[in-house]
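Quick one, structure for this:
(one chain, ligands or ions: 1)
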Amino acid sequence: MRVLVVGGAGYIGSHICKALAERGDTPIVLDNLSRGHRHAVKWGPLIEQDVRNVSAVTQAMSDQGIDAVMHFAANIEVGEGQREPLAFWDNNVAGVVALLKAMERSDVLHLVFSSTCAVYGEPQTLPITEDEPRTPVNVYGQTKHVVELMLEDVSSRGALKYAALRYFNAAGASPDGEIGEEYDPETHLVPNALKAAAGLGGPMHLFGDDYDTPDGTCVRDFIHVMDLAQAHLKALDRLRQGADSFACNLGTGTGISVKEILDAVETVTGRPVPPTLSPRRPGDAAQLVSDTRLARELLNFSPIYSDAKTIIEHAWSFYARRWGLHPS
Ligand code: UDP
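Take a look at the predicted model:
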């Protein structure tokens, strides 16, 4: 299969490209490199282009003989979305409008869309099922929710079939340390904790230790990026086999607290990560944990790398190489 991976130079997109290539498919990356990295595109051609350029994307689909599309080209940092909402609406929503136009013109019918548990906002019940009301509490979650509504509408009236995959906390790196998470500025927990362990970038800020959780720190459902990649392949296969459109959560069903992650970072790296206690980050829910039944049922998906130790070992080996350290 020749798969157009929009945003394939970014963190999750590049891991999907690796997984596609490993099973014999060809990933064709379309990325404007605003956040992604040229060095993360290794398994097929890079078309340096913005997804909002409908005619260029249509041309790329026909030049490359594209069979299906995966979309990862979005702004994702919650705080940035609150400060610059229009940039988020433009890239995250107008980008998908343009992509759907190009797909329609090219007669490409299958789309795997990168969504998020942020579409649920503050959940009323845990673990979170796909039936949880979708009431996002920030711009990032709103843009993803609106795209899901658009996909529901467009696919109900035409030939488009899509899978919307609502990720919980993507983390880790490819097991061989070849690619990993590289945002600038970095806001995510695992890379920030590893940076602090490496003595880079100042102290680790712990955003609140008085949540109503067992150890007072937030609880998240961390899913290894290579597990996410496998779920994407299964979602694509399901669509290609003629299934209807669907949306499902991708998580492990197990909550891990921020403190537990910091402990695992200390164990894996052998280095202390003394956190600086900082105020709660606006919009952080106390606990976000996925119900995993639908992903198991629809995709026969169960994660294999998504325990804290493996996630951190793989991320550490990637950063150790990138930062020129020797993991101890
Ligand atoms: N967090 C933290 N320090 C950091 C980054 C994150 O304490 O430098 C906490 C954050 O408050 C949240 C959890 O770690 O409770 C996961 O945050 P992250 O930004 O990695 O993912 P999110 O859950 O926001 O998608």
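
Contact residues of the protein facing the ligand?
78, 169, 187-189, 192, 205-207, 218, 220, 258, 281, 284 (CB under 6 Å from any ligand atom). To be clear about C-beta, it is placed using only N, CA and C from the backbone, and glycine gets the same treatment.

Would you pull up the residue in the stretch 201-328 of the chain closest to the ligand?
Closest approach of the stretch 201-328 of the chain to the ligand (CB to the nearest ligand atom) occurs at residue 218, with a separation of 3.1 Å.

if we can go back for a sec, drop anything exposed from the residues of the chain next to the ligand.
Burial by neighbour count, judged by 16 or more other CB atoms under 10 Å, picks out 78, 169, 189, 192, 206, 207, 218, 220, 258 from the residues of the chain next to the ligand.

Tabulate the residues of the chain next to the ligand (TSV), appending secondary structure and pLDDT.
TSV is the format used below for those (DSSP: H, G, I helix; E, B strand; the rest coil; pLDDT from 0 to 100):
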residue	secondary structure	pLDDT
78	helix	92
169	strand	98
187	coil	93
188	coil	96
189	helix	97
192	helix	96
205	strand	97
206	strand	98
207	strand	98
218	coil	98
220	strand	98
258	helix	98
281	coil	93
284	coil	90
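
and which of the residues you listed is nearest residue 35?
Taking CB to CB as the measure, residue 35 lies nearest residue 187 of the residues of the chain next to the ligand, at 12.4 Å.

can I assume that closest one is in contact with residue 76?
No: contact status for residue 187 versus residue 76: not in contact, 9.2 Å apart, counting by CB atoms under 8 Å.

and the closest residue to residue 106 other than its chain neighbours, what element?
Of all residues not flanking residue 106 in the chain, residue 61 sits nearest, at 3.9 Å (CB to CB, 6 or more residues apart in numbering). For residue 61, the host element (DSSP states H and E) is helix 54-64.

How far does that helix sit from its chain's centre?
25 Å (CA atoms, centre = their mean, to the nearest Å).

I would like the residues contacting it, please.
By CB atoms under 8 Å, 6 or more residues apart in numbering, the residues outside helix 54-64 that reach it are 2, 4, 6, 28, 30, 45, 47, 49-51, 66, 98-99, 101-103, 105-106, 108.

Among the residues you listed, which ones are in strands?
Counting by DSSP state E, the contacts of helix 54-64 place 2, 4, 6, 28, 30, 47 in strands.

which is the next helix or strand following the longest helix seen in the chain?
In the chain, taking DSSP state H as the definition, the longest helix is helix 139-157. Sequence order places strand 161-167 as the next helix or strand after helix 139-157, per DSSP H and E.

Good, we can wrap up now.
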